[in-house]
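Visitor: Kindly generate the corresponding structure for this input.
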Amino acid sequence: MKKISLTILLFLTLVYASKAQSITVTGTVTSATDALPMPFVTVAIKGTTNAVATNMDGKSSLSNVSATDSLLFSFVGYTQQVIVVGNQTAINVKMVPSSKQLSEVTVTALGINRQKRAIGYSTQKIDGAEIQQSNTPNILSALSGKAAGVQIANADGVEGGTTRITIRGNNSINGNNQPLIVVDGIPIDNDPGLTNVGRGRDWGSAINNINLVDVEDITILKGGAASALYGARGANGVVLITMKKAQNKKGLAYRII
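Guide: Sure, this is the predicted structure:
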């Protein structure tokens, strides 16, 4: 009985000694997508308030760490990682983007992808399935009633004519109040075509040539801040149209998504 008690006491002493021995753990956090260092990633001992953030080079140094602790690496939009320290004094981590957070990514000016909550202006995204279900004569008419602050009107009421679009009303008395329309990075004018034939006929615009089935989604950028990178042409807002792309498929074929 006495030997058992001594064994238990010795075991508890060793456990206490191992926890009491604190070390400093350093490391570098990079992105798994481009291998660039990630600043401001939180590195914490799981279950405690002992935490630090990585610097601009993605490096961190956390003290008072024991071998039995687990380090928690977390950053908005990326999957959390938990690593047991053990006998490691340097731990390098590659952060992987979270698929759940990617659904909240929105297209901004010049086609840049950013987290929707990280931008300081109003945007609205309409999925291609909604556009296709509308079954309208053209893609702009399909936006009617689907985006706040967007007014859609057919100037002559005739199918095939130009559809006029404005975002948050008219901004100019004698200027063009229609937003800039960008299709896969290419600006397209929404002019009515020939206007000097007879009394000025509306032959429609290039927008009418876009097939609703081929549209992946439409993002509407509202306000000057949203379209600042487009200059004066984006003063009335921007309508970003993203078309579906071809995707590789096993075998000698491809499919459109």
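
Visitor: Apart from its chain neighbours, what residue comes closest to residue 167?
Guide: residue 237 (3.7 Å; CB to CB, 6 or more residues apart in numbering). To be clear about C-beta, it is placed using only N, CA and C from the backbone, and glycine gets the same treatment.

Visitor: got it, and residue 233?
Guide: residue 180 (4.8 Å).

Visitor: Could you do residue 164 as well?
Guide: With CB to CB, 6+ apart, the residue lying closest to residue 164 is residue 153, at 4.8 Å.

Visitor: mind checking how far that neighbour is from residue 36?
Guide: Counting by CB to CB, to the nearest Å, the separation of residue 153 from residue 36 is 47 Å.

Visitor: Out of these two, name the residue with the larger neighbour count.
Guide: residue 153 (13 against 9; other CB atoms under 10 Å).

Visitor: my guess is that one meets residue 163, correct?
Guide: Yes: judged on CB atoms under 8 Å, residue 153 makes contact with residue 163 at a distance of 7.2 Å.

Visitor: Contacts for stretch 172-192, please.
Guide: Contact with stretch 172-192 is made by 110-111, 140, 155, 161-167, 169-171, 202-207, 210, 220, 227, 230, 233-234, 236-243, as judged by CB atoms under 8 Å, 6 or more residues apart in numbering.

Visitor: try 7 Å
Guide: The contact list for stretch 172-192 (CB atoms under 7 Å, 6 or more residues apart in numbering) reads 111, 162, 164-167, 170-171, 202-203, 205-207, 210, 227, 230, 233-234, 236-243.

Visitor: For that stretch, buried residues please.
Guide: 176-183, 188, 190-192 (16 or more other CB atoms under 10 Å).

Visitor: Switch those over to JSON lines; also include distance to residue 32.
Guide: JSON lines is the format used below for the buried residues of stretch 172-192 (distance: CB to CB, whole Å):
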{"residue": "176", "distance to residue 32": "45"}
{"residue": "177", "distance to residue 32": "45"}
{"residue": "178", "distance to residue 32": "42"}
{"residue": "179", "distance to residue 32": "37"}
{"residue": "180", "distance to residue 32": "35"}
{"residue": "181", "distance to residue 32": "36"}
{"residue": "182", "distance to residue 32": "31"}
{"residue": "183", "distance to residue 32": "32"}
{"residue": "188", "distance to residue 32": "37"}
{"residue": "190", "distance to residue 32": "41"}
{"residue": "191", "distance to residue 32": "46"}
{"residue": "192", "distance to residue 32": "49"}
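
Visitor: Let's have those residues in a markdown table, adding pLDDT, distance to residue 77 and secondary structure.
Guide: Formatted as a markdown table, these follow (pLDDT from 0 to 100; distance: CB to CB, whole Å; DSSP: H, G, I helix; E, B strand; the rest coil):
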| residue | pLDDT | distance to residue 77 | secondary structure |
| --- | --- | --- | --- |
| 176 | 76 | 38 | coil |
| 177 | 83 | 36 | coil |
| 178 | 85 | 34 | coil |
| 179 | 86 | 29 | coil |
| 180 | 86 | 29 | strand |
| 181 | 88 | 30 | strand |
| 182 | 87 | 25 | strand |
| 183 | 88 | 28 | strand |
| 188 | 83 | 32 | strand |
| 190 | 80 | 35 | coil |
| 191 | 73 | 40 | coil |
| 192 | 65 | 43 | coil |
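
Visitor: ok so, going back, what distance separates the helix or strand where the residue nearest to residue 164 lies from the middle of the whole chain?
Guide: Using DSSP states H and E, residue 153 sits within strand 150-154. Distance of strand 150-154 from its chain centroid, counting by CA atoms, centre = their mean, to the nearest Å, is 28 Å.
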